[in-house]
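Asker: Turn this into a model:
(one chain, ligands or ions: 2)
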Amino acid sequence: MKRSHSSHSSSPITPQTTTVPLSLPDHLPPSSLPIIPYHSKIVASLDKNDCCVLTSSTGSGKTTTVPFLIYKEHRLFKEHSKLKVTCTQPRRVACTSVASYVSSLCSVPLGTLIGYNIRFDNCTTPQTVISYQTDYMLLRSSSSSYGRLFPEYGCIIIDEAHERSLGSDFVCSLVKQAMIARNYPRFLKDDSDITSLSSEIKSLRRIVRKRKLPPLKVIVMSATISSETFSKYFSTPNMQAKVLSIPGKTHRIDVCYLSEACEDFVEGCVEASLRLHCSYEEGDILCFLPGREEIDSAVYMLRKLLKEREEEGKSSYVSEDKVEEVKGKNINVLTEPTDGAVVLPLYSSLSPSQQQQIFLPLPANCHRRIIISTNIAETSLTLSNVIYVVDSGLEKKKVLTQTGVGVLRTEVISKASAVQRSGRCGRVRPGLAIRMYRELEFEGFKPVQRPEIEGASLSNVVLLMLTMGIKDCINFDFLQPPSEKKLLKAFHTLHRLKAVNDSMEITPYGEKMSKLPVDVEWANLVLKSEGYGCVKEVLTSVAMLSAENIFYRPTDEREAAKAAQKHRRFSSFEGDIPSLRSVYETWEKETIYVDPSLPNVAKRYRQLQSSKNLKIPSPEWCSRNYINSRSVAKAHSVRFQLHDICKNLYMNVESSCGSEGYVDYLKCVCEGLSHQIALRSVVSSDSSEGSSSQRPQGKYKTLSGIEVNVHPNSTMFQRNPAPSAVVFTEIIVTKKTYITGVTQVKKDWVTEFHPDR
Ligand code: CDP
Ligand code: MG
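Answerer: Numbers count the residues shown, from 1 in each chain. Ligands and ions are numbered 1, 2, ... in the order given. Alright, predicted model coming up:
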């Protein structure tokens, strides 16, 4: 029954112009979720306290029921009919999938009374009373003093707070400020004799009094044992944060460890999953690997092994004809069952429809899902039927190197995460978790996850604080104050980009930058493009980079070869960024077709913009060219929004360099990414790297001295001769250190942008 609800979410989003007034039901459909018996206790304690910290195990019903419960039951919403509830999430996929699930439970169209708001995709309207949004979106709505009081909300729920993402930590700080400003004893006419309030909050309180804002209730929700951090933080001399721990219902979970360390964790996990599949009774297997790369190769290996098993006749759920039929298709081959199982990848850069596949019912000839996931399935998403967990003990974390370059690095998880991961298998019946490490290693894991604020760049947060008028970043009441060095590093970056002046005050250029909802470095690139006369081309490039996963790369060998051949058509000699641009430009030239069964984003977008002559990616064009149509649709929508923002900034958005101005465009990209340049390492011909026929194939060193290799998916991979200087968009560390988004630039430019070299 649960599944049928989830499958609603893949249905197209209905337009928001309904004539019949909509209303929410009084109750959600009855269920046996562990949180239900505690509902009245939650409402009562939020009545007595300003803040509640709610903990319970994953799947107990926090995310789906608490926002609805508070909206329907708390008296604040009866007294102030305009107030709304919002629930923040660190991940986009959690916002979209939960919002669609809850709106289907309430039988209201998604985007009406219940909606979601994620970057470049706002599915809310003025009538929305319960919204799920990313931390980031809530932060962006608070860029004025009035906005910092979150006036439209009566309750803000900060979900998955234990993950300690940079955004959610910062949301905690801002929400705490707003809570104090809105709830501090209201009888006081002015606060001049209260010394415990900072001047920031005193100035916010003046607005509260003037606008007569009602109180703000706060709920912090988390799955693990970090409640104390939050209850301490949200308690002030006048306000107490109440902790509510709800016991979950879990069955026994057997945990086993390896007796010896495994050599290759991807192969190890594949083998363990296969062994579970071959010898254990039905029930889904959830395998945790750190990132997309590892997941793609594990999915590939598993599918191949399952096919081999099937062909050897160990099991024959699928007929020969079926296999042939499957081979002929491209997209659907992903989900065809083999040997009675479907192998499904799950990571955030998959398209929403690919992500939704984990919720679809199993086909008749199949009795098991094997889901290979990043820690996206650790807490954000609830998978109903998992009985077995295979845990690599690893995750991808963005960390800053000494010199401030952001690197995606594979790191060991925390004990709390390991417990959380194994906890995913005991929901429906006793489960089994296989930890692909030794017990001794587990004992050495850090107790809880490292807050992202320790590793990530703070440039965007600091810029946001400056636009909000928070001047004293060093003494700001952070949940966990970052080191002064890191704050200075952020100021240094903003100063390099001229977003702040020598007195560290925000400049008009910085204000402009903050309007663009992308990383400061990309914002700078967009703004710089006007000077090079290539705004059009840069907007396309940035939009395509934001969309991710443009090229569809099948795992099936024959299909992969076909895809590679099709992709060659877009491949630019200059590298990956121009190649992405070429996909978009070719699509624009070759498709004006508007399909009625468009993906949600594009469809809604079309409805919104029906007056404008819009081009929508034809699914047929995309599938013929092995391009992910949803990604192109997303890039199109991102581009449109960036274009609008630039227009509002009085930029000449029509400025285009055309094909003659290629050099200007590349130079602009080089300036925008001048902090991410890599130079080819000089390898002598007799080096141990290979025989003389094997010329150096793109071994590079970044300006900060990191040795990197061009990623195999890059158009620059094994380019011979390899260009002497490139810019890149990301560093990924797996078995090797790779750069992606590799684009050729002139060495002279490197000296121009780094005169000290
Ligand atoms: O937030 P918490 O981990 O406590 O649980 P939840 O996300 O509210 O999920 C409660 C239940 O709703 C799950 O056990 C799932 O059965 C169901 N659910 C679903 O079927 N589809 C979704 N997209 C989300 C939740
Ligand atoms: Mg949840």
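Asker: Just want the residue of the stretch 151-300 of the chain that's nearest ligand 1.
Answerer: Distance from ligand 1 to each residue of the stretch 151-300 of the chain (CB to the nearest ligand atom) is smallest for residue 223, at 6.4 Å. Glycine gets a C-beta too; all of them are placed from N, C-alpha and C.
Asker: can you count the residues close to that residue?
Answerer: Residues lying near residue 223 (other CB atoms under 10 Å) number 25.
Asker: quick one: contacts for it?
Answerer: 55-58, 160, 162, 379, 420 (CB atoms under 8 Å, 6 or more residues apart in numbering).
Asker: Surely residue 621 is in a helix?
Answerer: Yes. The assignment for residue 621 is a helix, going by DSSP: H, G, I helix; E, B strand; the rest coil.
Asker: thought it was touching residue 589?
Answerer: No. Under the criterion of CB atoms under 8 Å, residue 621 is not in contact with residue 589, lying 10.5 Å apart.
Asker: which one of these two has more residues nearby?
Answerer: More neighbours surround residue 621 than the other of residue 621 and residue 589, with 17 against 9 (other CB under 10 Å).
Asker: Quick check, pLDDT for that one.
Answerer: We have a pLDDT of 84 for residue 621.
Asker: Let me know whether my guess that residue 396 is in a strand holds.
Answerer: Yes. The assignment for residue 396 by three-state DSSP puts it in a strand.
Asker: now the helix or strand residue 273 falls within, how far from the chain's geometric center?
Answerer: Using DSSP states H and E, residue 273 sits within helix 265-279. What separates the centre of helix 265-279 from the centre of its chain is 28 Å, taken as CA atoms, centre = their mean, to the nearest Å.
Asker: what does that helix rub up against?
Answerer: 258, 262, 285, 287, 289, 294, 297-298, 301-302, 305-306, 309, 339, 341, 368, 370, 372, 388, 390, 392-394, 432, 434, 436.
Asker: can we see that at 7 Å?
Answerer: 262, 285, 287, 289, 294, 297-298, 301-302, 305, 341, 368, 370, 388, 390, 392, 394, 434, 436 (CB atoms under 7 Å, 6 or more residues apart in numbering).
Asker: Summarise which helices and strands whichever helix or strand comes after that helix is packed against.
Answerer: Next helix or strand after helix 265-279 toward the C-terminus (DSSP H and E): strand 284-288. Helices and strands touching strand 284-288, as assessed by 3 or more CB pairs under 7 Å, 6 or more residues apart in numbering; DSSP states H and E, comprise helix 265-279, strand 368-373, strand 386-391.
Asker: hmm, 10 Å instead?
Answerer: helix 265-279, helix 292-311, strand 341-346, strand 368-373, strand 386-391, helix 415-423, strand 431-435 (3 or more CB pairs under 10 Å, 6 or more residues apart in numbering; DSSP states H and E).
Asker: Please export the C-alpha coordinates of it as CSV.
Answerer: The C-alpha coordinates for strand 284-288 follow below in CSV (Å, rounded to 0.1, in the frame of the first residue of the first chain):
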residue,chain,number,x,y,z
ASP,A,284,15.9,-6.1,-0.6
ILE,A,285,19.7,-5.6,-0.2
LEU,A,286,20.9,-2.1,0.4
CYS,A,287,24.6,-1.6,-0.2
PHE,A,288,26.4,1.6,0.9
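Asker: Please name the strands paired to it in the sheet, noting orientation.
Answerer: Strand pairing for strand 284-288, using DSSP bridges, gives strand 368-373 (parallel), strand 386-391 (parallel).
Asker: buried set for the first one?
Answerer: Of the residues in strand 368-373, those with enough neighbours to count as buried (16 or more other CB atoms under 10 Å) are 368-373.
Asker: Tell me which stretches of the stretch 401-550 of the chain form strands.
Answerer: Applying DSSP state E, counting those that start in this stretch to the stretch 401-550 of the chain gives strands spanning 406-412, 431-435.
Asker: To clarify, my last question referred to the stretch 601-750 of the chain.
Answerer: Under DSSP E, counting those that start in this stretch, the stretch 601-750 of the chain gives strands at 677-680, 699-702, 707-710, 725-727, 730-733, 737-740, 743-744.
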